[in-house]
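> After the sequence you'll find the predicted model.
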Amino acid sequence: MRTGQRQNKGMRTRLGCLSHKSDSCSDFTAILPDKPNRALKRLSTEEATRWADSFDVLLSHKYGVAAFRAFLKTEFSEENLEFWLACEEFKKTRSTAKLVSKAHRIFEEFVDVQAPREVNIDFQTREATRKNMQEPSLTCFDQAQGKVHSLMEKDSYPRFLRSKMYLDLLSQNQRRLS
């Protein structure tokens, strides 16, 4: 198993306590990497507060992504973030052979009608992406990824910022500093 896959599996395991239909967890160390006490010390209240500056700031911070993923799981909509992250990873592909197989895998997992983790995009975007699959490129998911980003930014992100989960994380960090 590659290091990235091990880290992803480990993150999913640590997020397990948050997979229930709840927007709070009494132990937020579950969303942090392997050494929670050190991770909590590194996650400053200022950093967690900055997640509210913009959706892109949240997505640029590994703990922000982890917390947002945990929140989306409570809403049963983590496929949106997973698709967005898969597209970001896909754009780093340098091998043409891998590019084609990865593109088809992402399409079948997230974009195709009745996909196991189908994202909520309009018919035109889905069809444009399907057409892009004829000759996959690093930009073949850009339109769909943009729609999903916009949906999360306008819908899920504001709810995350108002959620008990996020507010508890901020207050837990402030208590730790006091």
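Yes, it's here. In this text, all values refer to a predicted model and were calculated from it rather than measured experimentally. Numbering: from 1, shown residues only.
> And residue 101, how far from residue 108?
Distance, residue 101 to residue 108, by Cβ to Cβ, to the nearest Å: 11 Å. Bear in mind the C-beta positions are built from the backbone N, C-alpha and C, glycine included.
> low pLDDT regions in this protein?
Low-confidence regions of the chain, defined by pLDDT under 70, span residues 1-42, 174, 176-178.
> same thing but 80
Applying pLDDT under 80 to the chain flags the ranges 1-43, 173-178.
> so what's the residue lying closest to residue 75 once chain neighbours are set aside up against?
Leaving out its chain neighbours, the residue that sits closest to residue 75 by Cβ to Cβ, 6 or more residues apart in numbering is residue 156, at 6.9 Å. Counting by Cβ atoms under 8 Å, 6 or more residues apart in numbering, residue 156 touches 68, 71, 72, 75, 77, 80.
> same thing with residue 81?
By Cβ under 8 Å, 6+ apart, the contact list for residue 81 reads 65, 68, 69, 72, 152.
> go with 7 Å
Shown in contact with residue 81 (Cβ atoms under 7 Å, 6 or more residues apart in numbering): 68, 69, 72, 152.
> do residue 132 as well
By Cβ under 7 Å, 6+ apart, the contact set of residue 132 is residue 140.
> now swap in the one 4 residues further on and tell me
In this structure, residue 136 makes contact with 99, 100, 103, judged by Cβ under 7 Å, 6+ apart.
> Nearest to residue 167 among those residues?
Closest approach between the contacts of residue 136 and residue 167, by Cβ to Cβ: residue 103, at 39.0 Å.
> count of neighbours near that closest one?
With neighbours defined by other Cβ atoms under 10 Å, the count for residue 103 comes to 22.
> any idea which helix or strand carries it?
Element membership of residue 103 [criterion: DSSP states H and E] is helix 96-106.
> buried subset of the contacts of residue 156?
Buried subset of the contacts of residue 156 (neighbour count, 16 or more other Cβ atoms under 10 Å): 68, 71, 72, 77, 80.
> Out of the residues you listed, which sit inside strands?
Using DSSP state E, no member of these falls within strands.
> quick one, helices of the chain?
In the chain, helices defined by DSSP state H lie at 3-14, 36-42, 45-50, 55-59, 62-74, 78-90, 96-106, 123-132, 142-151, 157-162, 164-177, listed in chain order.
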